[in-house]
Every structure is written in structure tokens, then in C-alpha cells.
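In: sequence isn't available, so here's the structure alone:
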């Protein structure tokens with residue numbers, strides 16, 4: 001990683017789980033906000049710290065080893081931070097399609113062109129337990145789908161066709177040797 005981290009808070013940078021770890025392939029459990037509310041502020045600070053330290057735009061709880069339906073996203077529209085907390089997110093609608101290069105903090109060093117939807121509408125709760133809905137386009141739509149996929153036990157490479165998956169398998173084998 002080069003450059004200064006965008007994070008200036010007090011959170012702890014956590015270890016990001018890597019491809020091949022079981023937690024990344026298991027569907028996550030819904031969060032009961034009331035029973036989880038007291039732990040949420042510290043967890044979110046740690047998730048933000050981890051995501052920004054890794055220069056990511058999104059991070060799902062399975063990527064830090066937690067099997068819960070929680071993700072954070074900050075695609076920094078217009079260069080300004082806009083933090084989104086997604087508790088128990090669900091995708092309500094998807095429109096259009098676009099093929100663009102995508103990567104993942106859990107598969108560092110691997111990028112591939114993935115077909116996603118151009119417009120995605122999501123419903124979730126925020127860090128205060130308040131329900132919200134939002135339609136994202138472009139990078140935000142891609143981030144919504146990517147992070148919700150993590151909560152379903154899917155990685156972006158699961159969207160590749162068989163030929164591209166076979167090509168990626170050899171690259172992954174070599175990359176895994178470099179992961180700490």
C-alpha cells in the first residue's frame with residue numbers, strides 16, 4: 001500500500017480474511033439490532049479503520065471473520081467521504097448491466113472484469129437501527145452488490161464464467177503465496 005491512509009479515527013485495523021477461509025463462503029446471520037447495539041460503535045470504528053487502511057471502498061463483516069449481516073461502504077463520491085452502514089441489507093431491485101474491472105480486499109492482487117447491474121436499490125438499517133433505502137448507480141451500485149454478495153457467502157470471482165475461473169485459479173494459487 002502506498003500513500004497515507006484516509007482514516008483518522010481511533011479504530012483498530014483488523015486482519016482481513018483471505019480467499020479460501022470458510023467464513024467467506026458461509027451465508028451470514030441477520031443481526032438483532034437491540035441485542036447488538038452496544039457492540040456496534042466499536043465494531044464499526046474497527047471496520048472503517050480496516051477498510052480505509054486497505055484503501056477499500058467497502059468491507060463486509062465476513063471479511064473480518066464475523067458471520068453477521070453487516071457491511072460498510074464509502075465510495076467517496078466527488079472525493080468526499082460518505083459513510084454508509086448496511087445492517088441486514090437486502091437488494092430490492094436491479095436494473096441494466098455493466099462490465100467493469102473489480103477487485104476485493106479478501107483477494108489482494110486479483111482483478112477481473114465482472115458483470116454487475118448499473119442501478120441497484122438497497123434497504124438496510126444504519127448504525128442507529130434506523131431503516132433506510134437508497135438507489136446506487138455506477139461504483140455505488142457495484143459496491144452494494146459486492147458487499148451483499150459477501151453476506152451471502154459469494155466472492156466476485158464466483159460471477160466469472162468457467163473459462164475465466166480456470167484462468168483465475170492458477171493466479172490465485174500464486175497470489176496466496178504472497179498473502180501474509
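Out: Nice, thanks for sending it over. Being a predicted model, the structure only gives us computed values, none of them experimental.
In: so what's the residue count around residue 115?
Out: Around residue 115 there are 12 other residues, counting by other Cβ atoms under 10 Å. To be clear about C-beta, it is placed using only N, CA and C from the backbone, and glycine gets the same treatment.
In: check contacts around it.
Out: Counting by Cβ atoms under 8 Å, 6 or more residues apart in numbering, residue 115 touches 97, 98, 99, 159.
In: pretty sure residue 123 is touching residue 90, no?
Out: Yes. Using Cβ atoms under 8 Å, residue 123 is in contact with residue 90, at 5.4 Å.
In: the contacts of residue 115 in strands, which ones?
Out: 98, 99 (DSSP state E).
In: please identify which two of the contacts of residue 115 are farthest apart in space.
Out: The two members of the contacts of residue 115 with the most space between them (Cβ to Cβ) are 98 and 159, at 12.7 Å.
In: intersection of neighbour lists for these two?
Out: In contact with both residue 98 and residue 159: 115, 116, using Cβ under 8 Å, 6+ apart.
In: of those two, which one has the most company?
Out: residue 159 (18 against 14).
In: quick check: the more buried one touching residue 114?
Out: Yes. Residue 159 is within contact range of residue 114, at 5.0 Å (criterion: Cβ under 8 Å).
In: who's sitting farthest from the centroid in this structure?
Out: residue 163 (25.0 Å; Cα atoms, centre = their mean).
In: and that residue, how far from residue 101?
Out: For residue 163, the distance to residue 101 (Cβ to Cβ, to the nearest Å) stands at 17 Å.
In: which stretches of this structure have low pLDDT?
Out: 1-9, 180 (pLDDT under 70).
In: I'd like to know how many residues surround the nearest residue to residue 37 once chain neighbours are set aside.
Out: In space, and not counting its chain neighbours, residue 37 is closest to residue 129: 6.6 Å by Cβ to Cβ, 6 or more residues apart in numbering. Neighbour count for residue 129, taken as other Cβ under 10 Å: 13.
In: same question, residue 28
Out: Using other Cβ under 10 Å, residue 28 has 21 other residues around it.
In: who touches the lengthiest strand in the chain?
Out: If you go by DSSP E, the chain has its longest strand at strand 84-95. Strand 84-95 has contacts (Cβ under 8 Å, 6+ apart) with 30-31, 33, 44, 69-74, 117-127, 129, 133-134, 144-145, 147-148, 151.
In: so what strands line up beside it?
Out: strand 70-73 (antiparallel), strand 119-125 (antiparallel) (DSSP bridges).
In: for the shortest one, the distance to its chain's centre please.
Out: Using Cα atoms, centre = their mean, to the nearest Å, we find the averaged C-alpha position of strand 70-73 to lie 6 Å away from the chain's own average C-alpha position.
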